[in-house]
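Asks: Sharing a model that was predicted from the sequence below.
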Amino acid sequence: MSDAAEADAVLLSVVDGVARITLNRPHRLNAVDPAAIERWRDIAHDVAGRADVGAVILDAAGRAFCAGGDLRAMRELAGDGDGAGRTITKLADVIHEGHQVLRNSDKPIVAAVQGPVAGGGLGFMLVADLIVASDAASFSSRYADAGLTPDCGVSWLLPEAVGTRRALELVLTSRTLGPAEALEWGLVTEVVATDRLAARVEEIARTWVDGATGAFGQAKRLVRAASERPFAVSLDDEAVTIGQAFETADAQARIAAFTAR
């Protein structure tokens with residue numbers, strides 16, 4: 001595969017402080033192949049480290065958001081003999097690296113989900129902090145259809161979003177959720193008409209960039225870290241972080257305006 005084709009598998013653009021990461025294999029329902037997987041990891045590191053990015057939009061080209069892994073491409077790479085499993089494990093590790101980098105970053109992320117999400121696509125979607133789904137979206141696991149088990153963080157991210165019982169229902173059955181059910185379950189943040197999706201996620205991202213960008217980023221970091229550490233550690237982190245925030249020029253200006261009301 002050419003370097004250009006690899007770069008095209010996942011796109012990145014940055015405009016006025018908003019990074020847009022686009023899954024770009026619409027001919028395969030944005031199922032990720034090895035090139036897309038490596039590109040995803042590299043973009044994650046790039047975006048997380050950029051000082052000119054204050055918000056991230058995660059979206060996808062075509063009619064589907066993400067169908068998980070491209071099993072055809074992965075079987076071509078790994079084969080079906082000895083060592084195939086090790087190859088797939090290495091690919092999963094690359095995806096997971098990208099997920100961790102974005103989740104742990106101080107960049108708030110909003111996902112635009114325009115259509116079907118399946119398998120590992122749930123994990124890509126759930127990397128986002130807010131998820132806006134169109135009224136044409138659908139959500140399913142489908143791992144067992146291929147005799148496989150969850151990856152892309154699904155075994156952790158899905159229960160975090162909807163609870164253990166509902167997560168088990170999705171991964172142990174053929175259940176497919178429509179947008180209204182996904183909203184009721186807490187899988188997505190809101191549902192909008194398809195023709196409003198792009199504008200809505202832009203609105204959210206611009207709110208982050210045009211507002212207290214640093215505070216939004218640190219608030220995300222604090223909340224994301226909370227489930228992975230003791231309460232006392234979170235309290236200490238909160239105390240230090242709000243103290244640092246209080247000293248910033250942005251906070252001082254906003255506090256002055258607030259107290260002058």
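Replies: Good, I have the coordinates. The model shown is predicted, which means the values in this text are computed figures rather than measured ones.
Asks: Report how many residues lie close to A199.
Replies: 11 (other CB atoms under 10 Å). Backbone N, C-alpha and C define where each C-beta goes, glycine included.
Asks: and it, what helix or strand is that in?
Replies: Per DSSP states H and E, A199 falls inside helix 197-210.
Asks: Quick one: list the elements packing against the very next helix or strand once past that helix.
Replies: Later in the chain than helix 197-210, the nearest helix or strand by DSSP H and E is helix 213-226. Secondary-structure packing of helix 213-226 (3 or more CB pairs under 8 Å, 6 or more residues apart in numbering; DSSP states H and E): helix 84-104, helix 231-246, helix 249-259.
Asks: roughly how far out does helix 213-226 sit from the chain middle?
Replies: 15 Å (CA atoms, centre = their mean, to the nearest Å).
Asks: could you dump it to PDB, C-alpha only?
Replies: Below are the C-alpha coordinates for helix 213-226, written out as PDB (Å, rounded to 0.1, in the frame of the first residue of the first chain):
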ATOM      1  CA  THR A 213     -10.600  25.900  26.600                       C
ATOM      2  CA  GLY A 214      -8.000  25.000  29.300                       C
ATOM      3  CA  ALA A 215     -10.700  24.500  31.900                       C
ATOM      4  CA  PHE A 216     -12.700  22.200  29.600                       C
ATOM      5  CA  GLY A 217      -9.600  20.100  28.900                       C
ATOM      6  CA  GLN A 218      -8.700  19.800  32.600                       C
ATOM      7  CA  ALA A 219     -12.300  19.000  33.600                       C
ATOM      8  CA  LYS A 220     -12.300  16.100  31.000                       C
ATOM      9  CA  ARG A 221      -9.000  14.900  32.400                       C
ATOM     10  CA  LEU A 222     -10.200  14.900  36.000                       C
ATOM     11  CA  VAL A 223     -13.400  13.000  35.200                       C
ATOM     12  CA  ARG A 224     -11.800  10.500  32.900                       C
ATOM     13  CA  ALA A 225      -9.100   9.700  35.600                       C
ATOM     14  CA  ALA A 226     -11.600   9.300  38.400                       C
END
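Asks: Report the buried residues of that helix.
Replies: T213, A215, F216, G217, Q218, A219, K220, R221 (16 or more other CB atoms under 10 Å).
Asks: Would you agree I95 is in contact with G120?
Replies: Yes - contact criterion CB atoms under 8 Å: I95 and G120 qualify, at 7.4 Å.
Asks: Please give me every residue in contact with the residue lying closest to T194 once chain neighbours are set aside.
Replies: Distance criterion CB to CB, 6 or more residues apart in numbering; nearest residue to T194, sequence neighbours excluded, is S134 at 4.2 Å. Going by CB atoms under 8 Å, 6 or more residues apart in numbering, S134 touches A112, V113, Q114, G115, P179, V191, V192, A193, T194, L197.
Asks: which residues touch whichever strand or helix holds the first one?
Replies: Think A112. Using DSSP H and E, A112 sits within strand 109-113. For strand 109-113, contacts defined as CB under 8 Å, 6+ apart pick out 55-60, 65, 102, 125, 127-134, 137, 188, 197-198, 200-201, 204-205.
Asks: out of those, which are inside helices?
Replies: Using DSSP state H, the members of the contacts of strand 109-113 that fall in helices are L102, M125, L197, A198, R200, V201, I204, A205.
Asks: Describe which strands the helix or strand in which L11 is found pairs with in its sheet and in which direction.
Replies: L11 is part of strand 10-15, with elements assigned from DSSP H and E. In the sheet, strand 10-15 lines up against strand 18-23 (antiparallel) (DSSP bridges).
Asks: what angle sits between the partner strand and helix 84-104?
Replies: Orientation check (axes from the mean of the first three to the mean of the last three CA atoms, to 10 degrees): strand 18-23 against helix 84-104 gives 160 degrees.
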